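**Q** attaching a predicted model along with its sequence, questions to come.
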Amino acid sequence: EGVGPQEYTGVKMEVLKWSDAASSALAGKLEGKNVYLVAATLRPETMYGQTNCFVGTAINYGFFAINETDVFVCTERAARNMAFQGTSLPRGKITQLAEIDGSKLVGTKVKAPFAIHPEVYVLPMDNVLATKGTGVVTSVPSDSPDDFATLTDLRKKPEFYKIDPQWAAIDPVPVITTPTYGDLTAPAIVKKLKIQSQKDVKQLAEAKEIAYKEGFYSGTMLVGEFKGQPVQEAKALVRASMIDAGLAFAYAE
Ligand code: A2H
């Protein structure tokens with residue numbers, strides 16, 4: 001991470017159906033509201049390949065009213081930052097309606113903007129930091145080694161991770177092709193570096209670096225509105241398209 005601010009894209013993942021645990025914890029608190037889990041991503045051009053959404057089970061998430069009808073789910077830290085970036089009104093003010101542990105969000109079904117699989121589940125990830133982004137990570141296992149390693153862990157040990165295997169059933173979707181690694185860059189790098197699980201943090205940091213550079217400098221879009229275009233061009237275009245559609249917003253920190 002550099003010295004300057006990180007320019008994230010805040011992706012609005014609308015809640016379609018709460019997990020049982022979230023449903024009981026939230027009973028009556030969000031009547032009539034549109035609720036969105038907000039994921040922070042640096043790779044908006046990969047959103048076609050979302051297969052799920054990750055939260056940290058030990059992280060506390062707040063429900064923040066950003067206007068009369070819409071509620072964002074993220075860390076309080078992120079909500080405070082957003083309040084000064086034109087996301088909510090009045091400026092600088094946050095209104096928290098409820099809070100919940102990440103573990104209770106697991107199993108919630110959300111909409112994945114622009115995704116080829118438009119409905120995905122919330123799953124647990126070990127390495128989600130409460131101190132970065134919104135605390136919600138949208139999962140794109142085709143292009144993110146962390147996401148692929150985590151999805152693989154969850155599929156191997158669903159009981160251990162307390163998930164229904166159905167929630168992790170969507171396979172990685174080819175979104176970007178790269179000359180060195182083909183149509184599924186992250187799985188190819190994870191295999192090459194012999195990464196076994198999300199616990200291999202050191203190798204994953206290396207894999208992330210390789211995947212990021214390869215995708216950005218040499219990748220070509222395989223799907224979507226900018227199919228056939230280099231990722232270097234498509235990145236800003238997909239981002240603008242999502243923002244215009246009201247499905248995302250700029251978020252910096
Ligand atoms: B990226 P940086 Cl396809 N904890 O989005 C852990 N990881 C987090 C996070 C948090 N609180 N908030 C965001 N992230 C992830 C897509 C993606 C991402 C792809 C490939 C690489 C990649 C789909 N997941 O990131 O430390 C988010 O995952 C590799 C750089 O601020 C976000 O972008 O550089 C990225 O890490 C931000 O990490």
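**A** Alright, I've got the coordinates.

**Q** in what helix or strand does Asn96 lie?
**A** Not Asn; residue 96 is Gln. strand 95-101 (DSSP states H and E).

**Q** other SSEs contacting the helix or strand following that strand?
**A** The helix or strand immediately downstream of strand 95-101 is helix 102-105, counting by DSSP H and E. Where contact means 3 or more Cβ pairs under 8 Å, 6 or more residues apart in numbering; DSSP states H and E, helix 102-105 is packed against helix 20-26, strand 60-65, strand 119-124. The way it works is simple: take the backbone N, C-alpha and C, and place the C-beta from them, glycine included.

**Q** what's in contact with the strand holding Gln96?
**A** 22, 25-26, 29-30, 33, 57-65, 71, 76, 79 (Cβ atoms under 8 Å, 6 or more residues apart in numbering).

**Q** for Ala250, what are its contacts?
**A** Contacts of Ala250 (Cβ under 8 Å, 6+ apart): Glu7, Tyr8, Thr9, Gly10, Gln85, Ile243.

**Q** that one pairs with what?
**A** Note on Ala250: beta-bridge partners Thr9, judged by DSSP bridges.

**Q** re the thing from before, whichever of the contacts of strand 95-101 end up buried, select them in ChimeraX.
**A** Burial among those is assessed by 16 or more other Cβ atoms under 10 Å; the matching ChimeraX selection reads:
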select :22,25,26,30,57,59,61,62,63,64,65,71,76,79
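
**Q** so where do the helices sit in the chain?
**A** Secondary structure of the chain by DSSP state H: the helices cover 20-26, 76-83, 102-105, 145-156, 185-192, 201-218, 231-244.
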